[in-house]
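[1] Provided below are the primary sequence and the corresponding predicted coordinates.
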Amino acid sequence: MSDRAPGELETLRVFVNTLDLESGADDLSDPEALGAWLEGNGLERGASASSTDLHAARRLREAFRGLLLENNGISVRKESALVLNHAAEKGCLVLRFDSSGSVRLEAAATGVEAALGRLAAIAAAAMTDGTWRRLKTCRADRCGWAFYDHTRNHSRLWCSMAVCGNRTKARSYRRRHA
């Protein structure tokens, strides 16, 4: 089963997965890595990131991770909405209408702030079109990997049944039979 999310939501899923919580590997290890990631994922061409930008990007990533965990039925801190609001404000998100009658959110800022605003706009579009609830993070302790739930009844809990699902079920079994 593919974890890929539809359309631009895939960029947001990949953004959350720039930090592997189990190994500690972080694709956003420094400002240069952030700039390269943003450019490589089509969010901002030639972005020159600062340490402040890196902090904001990591904070946004963890806010998304928290919201995606809530999509998987686990309530977390409500600070996530404040972080997304901040990214939208700094990115100067505005509505753009076109002649075909469609509308989209677009970042009017420049640089890294625009790129982070674009990620917030992707989340807003997904919340509007109904795909947001299917983007989740794994329920397993210390995993937090983002995946798109393609199941018919939206019931997927783990990034992988073979790894995290099996570990969780085995731990539960051992607890019940101890």
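    Done, it's in.
[2] neighbours of Phe15, just the number please.
    25 (other Cβ atoms under 10 Å). Any C-beta I mention is one placed from the backbone N, CA and C, and that applies to glycine too.
[3] pLDDT score for it?
    The score at Phe15 is 98. That number is its pLDDT.
[4] is it true that it touches Asn41?
    Yes - applying Cβ atoms under 8 Å, one finds Phe15 in contact with Asn41, separated by 7.5 Å.
[5] Tell me which helix or strand Arg152 sits in.
    For Arg152, there is no enclosing helix or strand under DSSP states H and E.
[6] Low-confidence regions, this structure specifically.
    Confidence mapping of the chain against pLDDT under 70 gives the ranges 1, 77, 161-163, 165-175.
[7] For this protein, which segments are assigned as helices?
    Using DSSP state H, the helices of the chain run over residues 9-16, 31-40, 51-70, 79-90, 111-129, 166-176.
[8] Please name whichever of these is nearest to Trp158.
    helix 166-176 (6.8 Å; Cβ to Cβ).
[9] Name the residues of stretch 107-117 that are buried.
    Across stretch 107-117, burial judged by 16 or more other Cβ atoms under 10 Å covers 107, 109, 111-117.
[10] Compute the first-to-last residue distance for stretch 102-112.
    In stretch 102-112, first residue to last residue: 26 Å (Cα to Cα, to the nearest Å).
[11] I'd like the distance from it to the chain centre, please.
    Here stretch 102-112 shows a centroid-to-chain-centroid distance of 18 Å under the convention Cα atoms, centre = their mean, to the nearest Å.
[12] which ones are touching Cys164?
    Neighbouring residues of Cys164 by Cβ atoms under 8 Å, 6 or more residues apart in numbering: 138-140, 143, 145, 158.
[13] hmm, 7 Å instead?
    Applying Cβ atoms under 7 Å, 6 or more residues apart in numbering to Cys164 gives the contacts 138, 140, 143, 158.
[14] excluding its backbone neighbours, what's nearest the second one?
    To tie it back to what came earlier, the one meant is Ala140. Cys164 (3.6 Å; Cβ to Cβ, 6 or more residues apart in numbering).
[15] go on, the third one?
    In space, Cys143 comes closest to Cys164 once its chain neighbours are excluded; the distance is 5.2 Å by Cβ to Cβ, 6+ apart.
[16] So Arg118 is in contact with Ala107, correct?
    Yes - counting by Cβ atoms under 7 Å, Arg118 does reach Ala107; the two are 5.1 Å apart.
[17] what touches both of the two?
    Gly91.
[18] Export stretch 60-73 to PDB, keeping only CA atoms.
    Provided in PDB are the C-alpha atoms of stretch 60-73 (Å, rounded to 0.1, in the frame of the first residue of the first chain):
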ATOM      1  CA  LEU A  60       5.900  24.100  11.600                       C
ATOM      2  CA  ARG A  61       6.900  20.500  10.900                       C
ATOM      3  CA  GLU A  62       6.100  19.400  14.400                       C
ATOM      4  CA  ALA A  63       2.800  21.400  14.500                       C
ATOM      5  CA  PHE A  64       1.800  19.400  11.400                       C
ATOM      6  CA  ARG A  65       2.900  16.200  13.000                       C
ATOM      7  CA  GLY A  66       0.700  17.000  16.000                       C
ATOM      8  CA  LEU A  67      -2.300  17.700  13.800                       C
ATOM      9  CA  LEU A  68      -1.800  14.500  11.800                       C
ATOM     10  CA  LEU A  69      -1.600  12.600  15.100                       C
ATOM     11  CA  GLU A  70      -5.000  14.100  16.000                       C
ATOM     12  CA  ASN A  71      -6.200  12.800  12.600                       C
ATOM     13  CA  ASN A  72      -5.300   9.400  13.900                       C
ATOM     14  CA  GLY A  73      -7.400   9.800  17.100                       C
END
